[in-house]
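A.B. asks: 3D, please:
(chains A, B, C and D)
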2 protein chains.
Amino acid sequence: MNIGTASEKSGLPAKTIRYYEDIGLLRPDRADNGYRDYSMSDVHRLRFLQRSRSLGFSVEECRQLLSLYGDKERESADVKALAETKLTEIDRKLAELTELRNTLRHLVHNCHGDSRPDCPIIDGLSGRAQTQ
Amino acid sequence: MNIGTASEKSGLPAKTIRYYEDIGLLRPDRADNGYRDYSMSDVHRLRFLQRSRSLGFSVEECRQLLSLYGDKERESADVKALAETKLTEIDRKLAELTELRNTLRHLVHNCHGDSRPDCPIIDGLSGRAQTQ
DNA sequence: CTTGCACTTCCAGTTACTGGAAGCTTTATA
DNA sequence: TATAAAGCTTCCAGTAACTGGAAGTGCAAG
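C.D. replies: Purely as a prediction, here's the structure:
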């Protein structure tokens, strides 16, 4: 499929898809007319990149995560260690997102726009306050 | 407190904290010697910025979220609409993170590094596959 | 009193895109 | 079949969000 279709299916702009190719994150085929030709597997990689980037992982972290798949030379222990490191990060992100959601929920339900100067919303937004 | 302490408490590099001041995200006091002087409220803002940036929100989105607090001119409906938009985004991010975690968990527990060529991990990593 | 570390500003470099020009290919319409 | 529009190509420049380093000042400890 052409880059436009891959863009639609992955949620990434065509520009970004070409950029990801430039930095070696995928290598689509080329058709006879010179157009890039994306497989479903390419689209899966792109969707994964779209997601993990939007969740705050760096491009290099995404590269590592992608290497968990399809890299036949990697040792099992190696793969597991990397995946477990990322799992810990993901769990932290989940906890932080949950807290952020709770705070915003509170804001929506309890604040009425009167902006009392003592509204402690910022404390919630910033997570458990460090008093020391 | 000085920028070094604010950096420790917020988890942001001093460089980044100065940058956030440059782009108008906070306005710490200045001591007589010219040093920036951060309050606990500043640190809360910084911690919030650290979190929401690492969770994939842009600086401009963070600016909006920060404006939910302390902007006494905003209308209640306005604040609620913004918060609710962000809540929807956060819920989507939560779902995506949860899926990503499940996929990595599966990888850690079920893949043994033998890299079967039909290992469907990439499908999981990329979310529900779009077959059409 | 001087060594060293933290702070200041300023400017240059990096990461990860993003926009636009110039040109070729394909597709839709007259 | 002509031709216009849309989609693709490369290349180069610009932006966002930092990040590193130089050059200089403040301050606390030995």
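
A.B. asks: Can you identify each of the strands in chain A by residue range?
C.D. replies: A:29-30, A:36-37 (DSSP state E).

A.B. asks: how about CSV for those, with mean pLDDT added?
C.D. replies: Shown next, in CSV, are the strands of chain A (pLDDT from 0 to 100):
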stretch, mean pLDDT
strand A:29-30, 96
strand A:36-37, 98
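
A.B. asks: Just put those strands in TSV and tack on mean neighbour count and distance to chain B.
C.D. replies: C-beta coordinates here come from the backbone N, C-alpha and C atoms, glycine included. Shown next, in TSV, are the strands of chain A (neighbours: other Cβ atoms under 10 Å in any protein chain shown; distance: least, Cβ to the nearest Cβ, whole Å):
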stretch	mean neighbour count	distance to chain B
strand A:29-30	10	17
strand A:36-37	17	18
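
A.B. asks: Relative to residue A:20, which of the ones you listed is closest?
C.D. replies: strand A:36-37 (11.4 Å; Cβ to Cβ).

A.B. asks: tell me how far that closest one is from the chain's mean position?
C.D. replies: Centroid separation for strand A:36-37 versus its chain: 24 Å, with Cα atoms, centre = their mean, to the nearest Å.

A.B. asks: Please apply the same query to stretch A:27-47.
C.D. replies: From the chain centre to the centre of stretch A:27-47 is a distance of 21 Å (Cα atoms, centre = their mean).

A.B. asks: Is there any residue in it that contacts DNA strand D?
C.D. replies: Yes - judged by Cβ under 7 Å from any atom of the strand, stretch A:27-47 and DNA strand D are in contact via A:34, A:35, A:36.
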